[in-house]
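In: Predicted structure and sequence below. I'll ask about it afterward.
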Amino acid sequence: MTQIVARHYARPAARKHLWTGIAMAVVALVFGIEQAMHWFAAHPMALTGLQASLLAGLATGLGAIPVLFLRRPQERLMAPMLGLAGGMMLAASLFSLLVPAVQTVAASGAPLGLGVATALALLAGAAMMHWMDRRTAHHHVETIEAGGQTLPQLGLVVAAIALHNVPEGLAVGVSAAAGVDHGMTVGIAIQNIPEGWIVASAMLALGAGPLRAAVMALATGLVEPVGGLFGVIASSVAGAALPLALAAAAGAMLWVVSHELIPASHRPGREAAGTAGLLAGFAVMTTLAVGL
């Protein structure tokens, strides 16, 4: 009887603690949003960077729409589409990140020392992506094949796609917040459209329905604003160290291009198509960099 009474009174106490915790969480959330609004008001370019990364991420969902009506893209289209994404990321890392970083270093009072630090930041960005790749269990989208072969788990593929999108958001956020976008936002958004189709098609190959595949592709694209948030913070507080933030973002993007996109687009028998796609992507970004 004593145990029953104790349990009877324990439940209201537990509920009270639960509601207290929820109330504290709501207060903390409201306070955090208020402080974020003040911070963005004081750093208008940071808000621009966050909006740019959100735009680029939403383009992935736009590219996933065709899976609601069309079949999975043919294998012969995968190589040029992946090459296109690689070429655009390669050009973006050069025109919107490395060139502004080098120009800032050249105009500084200590170009040699800052230049060495910038080069080290480039390697650090690539090393960070390599570390994340090794620490995160995932499968690569380009290894998915239909036709009876064993398919990887859906969650592991989603993890790989999300990992791939982090440096894109980081680069867009850094460049836009620093005022050196040079067409990067538009370029990344453009290359995210066919990428969204590929991602959603991979979800279909793994057994997801068309609507679920499109939603999951959009969700992976929305990882980019997370990277963009880190990018705008880095560029806003960097000051004289801005070239380091630009170079680190470039290193992360170059790692993804070299480790993921070029090998995926240059599988045996598809090298020419992959190279054509890469050159086309680089040419598109060159046009955007000049025009914007």
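Out: Arrived safely, thanks for sending. Numbers count the residues shown, from 1 in each chain.

In: And the helix or strand hosting residue 112, what does it pack against?
Out: Per DSSP states H and E, residue 112 falls inside helix 111-135. Using 3 or more CB pairs under 8 Å, 6 or more residues apart in numbering; DSSP states H and E, the elements in contact with helix 111-135 are helix 99-106, helix 154-177, helix 242-256. The C-beta positions use only the backbone N, C-alpha and C, and glycine is treated the same way.

In: out of those helices, which comes closest to residue 58?
Out: Set against residue 58 and scored by CB to CB, the helices and strands packed on helix 111-135 come closest in helix 154-177, at 11.6 Å.

In: so the helix or strand just after that closest one versus helix 242-256, what angle?
Out: As assigned by DSSP H and E, the chain's next helix or strand after helix 154-177 is helix 184-205. Angle between the axes of helix 184-205 and helix 242-256 is 30 degrees (criterion: axes from the mean of the first three to the mean of the last three CA atoms, to 10 degrees).

In: per-residue confidence averaged over the helix or strand just after helix 184-205?
Out: The helix or strand immediately downstream of helix 184-205 is helix 210-221, counting by DSSP H and E. Mean pLDDT, helix 210-221: 84.

In: For helix 210-221, report the contacting residues that lie outside it.
Out: 56-61, 63-65, 67-68, 158, 161-162, 165, 192, 196, 199-201, 203-204, 208 (CB atoms under 8 Å, 6 or more residues apart in numbering).

In: And the buried ones among these, selectable in PyMOL?
Out: Typed into PyMOL, the line below selects the buried ones among the contacts of helix 210-221, using 16 or more other CB atoms under 10 Å:
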select buried, resi 56+57+58+59+60+61+63+64+65+67+158+161+162+165+192+196+199+200+201+203+204+208
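
In: could I have the helix or strand residue 92 falls within exported to CSV, CA atoms only?
Out: Following DSSP H and E, one finds residue 92 within helix 75-92. In CSV, the C-alpha atoms belonging to helix 75-92 read as follows (Å, rounded to 0.1, in the frame of the first residue of the first chain):
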residue,chain,number,x,y,z
GLU,A,75,23.3,5.5,-66.0
ARG,A,76,24.8,7.3,-69.0
LEU,A,77,23.6,10.6,-67.6
MET,A,78,25.0,10.1,-64.1
ALA,A,79,28.7,10.7,-65.2
PRO,A,80,28.2,14.1,-66.9
MET,A,81,25.8,15.3,-64.2
LEU,A,82,28.3,14.4,-61.4
GLY,A,83,31.1,15.9,-63.5
LEU,A,84,29.0,19.1,-63.9
ALA,A,85,28.7,19.4,-60.1
GLY,A,86,32.4,18.8,-59.7
GLY,A,87,33.4,21.4,-62.3
MET,A,88,31.1,24.0,-60.8
MET,A,89,32.4,23.4,-57.2
LEU,A,90,36.0,23.4,-58.5
ALA,A,91,35.5,26.8,-60.2
ALA,A,92,33.6,28.2,-57.2
